[in-house]
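1. Generate a structure from the sequence data that follows.
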Amino acid sequence: MSPSLVRRAALAFFIAAALSSALLGVRTYRSFLLLHSAYAAGAPMTSSIRPWMTLEYVAAAYRVPEAALLERLGLAPATDPRTSLRSLAREAGLPLIEYVQGVQRAIAGIASAVGPDSAGKKSSWLVAIGDAFLAAVLKYGYPALGLTIFLGSFGLPLPHGIAVAVVGSLAAQGRVDWLWAGAATAVASVLGDIVGYGLGRVLDRGVLERRGRWLGYTRERALRVKRLFEQWGAWTVLITRTFVSYLGPAVNLLAGAAGYRLTVFLALTLLGRLIWTSAYLGLGYAVGSDPEAATGFLANLSGLLVSLTVLAASWLIASGRARLPQRQASK
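-> Sure, this is the predicted structure:
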């Protein structure tokens, strides 16, 4: 495919990604508002309430008597239970989000809103990454957190991104300090990146080619990353600190081996890790102790991040800022 056709295709992707990003951005913001108000009302699971739901559906899903729900919402006892929240908001002359938030508060005010099934869900995501990590953080504090993040950034197969989100959740519960957790995470992740870069810089190229496979280094991958740096430049380092952080350890090593300028690497690493730390801590803080309640928010947020990544990549290609590979003339 010729470069001009590639750029036209990229422009089409850019327009589609821009529209998708706008839509997902609005949906993410609305779902975050509902998540926040659900926690403020003391009923996290009500964050899943949506305007299409009817009074009958809400009463059954959240285990509240219809009569009590009607009374709390100031509705007449004869109100049709098949009426949707969207219609009720329109009749009341209230913004849709505001009305749904009122329903959340009404459910929270009814004693029977908290069913027996909701107990025990609050720690399920913490169990998903293992009680050992949480126990270590709670027992040994920020040094345990820093060591986990450092080793994960350096390249060991540890779920350090999820660990930061868990710490954000603990901060929301008041069990760790937000600022200290953020500082420990940012410093440890930057140090891990620097060590990886330094290792690639000091090891002999022959040693890397013979033993580097254990660290993700191969001659083919080194050539590929070199071309990647030449094509994308600073974006390579920055993006692998943020959107695709799981590629960070390999890029650290290969950036050092390729002799990428240290001052630029440090600046981009610091910026990227600050974004990464803020995003994961903020996500964990927003989710709190009950991520099942944040399913809608997390789904919209994930879609938004993917859409923004496609938007940025398609813009770089369509604008000609990313150099497209040229076909070699056939002999």
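
2. make it CA atoms for all contacts and neighbour counts henceforth
-> OK.

3. Is it correct that residue 197 is in contact with residue 254?
-> Yes: taking C-alpha atoms under 8 Å as the contact criterion, residue 197 and residue 254 are neighbours in contact, 7.4 Å apart.

4. State the distance from residue 35 to residue 43.
-> 10 Å (C-alpha to C-alpha, to the nearest Å).

5. okay, those two: which has more neighbours?
-> Between residue 35 and residue 43, counted using other C-alpha atoms under 10 Å, residue 35 has the larger neighbour count: 28 against 20.

6. Please name the nearest non-neighbouring residue to the more buried one.
-> Across the structure, with C-alpha to C-alpha, 6 or more residues apart in numbering as the measure, the residue nearest residue 35 apart from its sequence neighbours is residue 47 (4.7 Å).

7. Next one, pLDDT for the one you found please.
-> In the prediction, the pLDDT value recorded for residue 47 is 80.

8. Could you check how many residues crowd around it?
-> A count of nearby residues for residue 47, using other C-alpha under 10 Å, gives 25.

9. same thing with the one 10 residues further on?
-> The local packing of residue 57 (other C-alpha under 10 Å) involves 17 other residues.

10. now for the helix or strand encompassing it, which elements pack on it?
-> Under the assignment given by DSSP states H and E, the secondary-structure element containing residue 57 is helix 55-61. Contacts of helix 55-61 with other secondary structure elements, assessed using 3 or more C-alpha pairs under 8 Å, 6 or more residues apart in numbering; DSSP states H and E, are made with helix 66-72.

11. Just the buried positions in the helix it packs on, please.
-> By 16 or more other C-alpha atoms under 10 Å, the buried positions in helix 66-72 come out as 66, 67, 68, 69, 70, 72.

12. what does stretch 15-24 give?
-> Quick answer for stretch 15-24 (16+ other C-alpha under 10 Å): 17, 18, 20, 21, 24.

13. which residues sit against that stretch?
-> Residues lying outside stretch 15-24 but in contact with it, judged by C-alpha atoms under 8 Å, 6 or more residues apart in numbering, are 300, 301, 303, 304, 307, 308, 310, 311.

14. With distance to residue 165, secondary structure and pLDDT as extra columns, can I get the residues you listed in JSON lines?
-> Putting the contacts of stretch 15-24 into JSON lines (distance: C-alpha to C-alpha, whole Å; DSSP: H, G, I helix; E, B strand; the rest coil; pLDDT from 0 to 100) gives the following:
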{"residue": "300", "distance to residue 165": "17", "secondary structure": "helix", "pLDDT": "71"}
{"residue": "301", "distance to residue 165": "14", "secondary structure": "helix", "pLDDT": "69"}
{"residue": "303", "distance to residue 165": "18", "secondary structure": "helix", "pLDDT": "71"}
{"residue": "304", "distance to residue 165": "18", "secondary structure": "helix", "pLDDT": "74"}
{"residue": "307", "distance to residue 165": "22", "secondary structure": "helix", "pLDDT": "76"}
{"residue": "308", "distance to residue 165": "21", "secondary structure": "helix", "pLDDT": "75"}
{"residue": "310", "distance to residue 165": "24", "secondary structure": "helix", "pLDDT": "73"}
{"residue": "311", "distance to residue 165": "26", "secondary structure": "helix", "pLDDT": "77"}
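
15. so which of those residues comes closest to residue 282?
-> Looking at the contacts of stretch 15-24 and their distance to residue 282, the nearest is residue 301, at 12.3 Å (C-alpha to C-alpha).

16. how about the helices of the stretch 101-250 of the chain, start to end?
-> Remark: helices of the stretch 101-250 of the chain, listed N- to C-terminal, are 124-128, 131-140, 142-154, 160-172, 178-202, 205-211, 219-232, 234-239, 248-257; assignment by DSSP state H, counting those that start in this stretch.

17. mean confidence score for the shortest one?
-> This predicted structure assigns helix 124-128 an average pLDDT of 44.

18. And for the longest one?
-> Computed over helix 178-202, the mean pLDDT rounds to 90.

19. other SSEs contacting it?
-> Based on contacts counted as 3+ C-alpha pairs under 8 Å, 6+ apart, the elements that helix 178-202 packs against are helix 142-154, helix 160-172, helix 248-257, helix 262-287.
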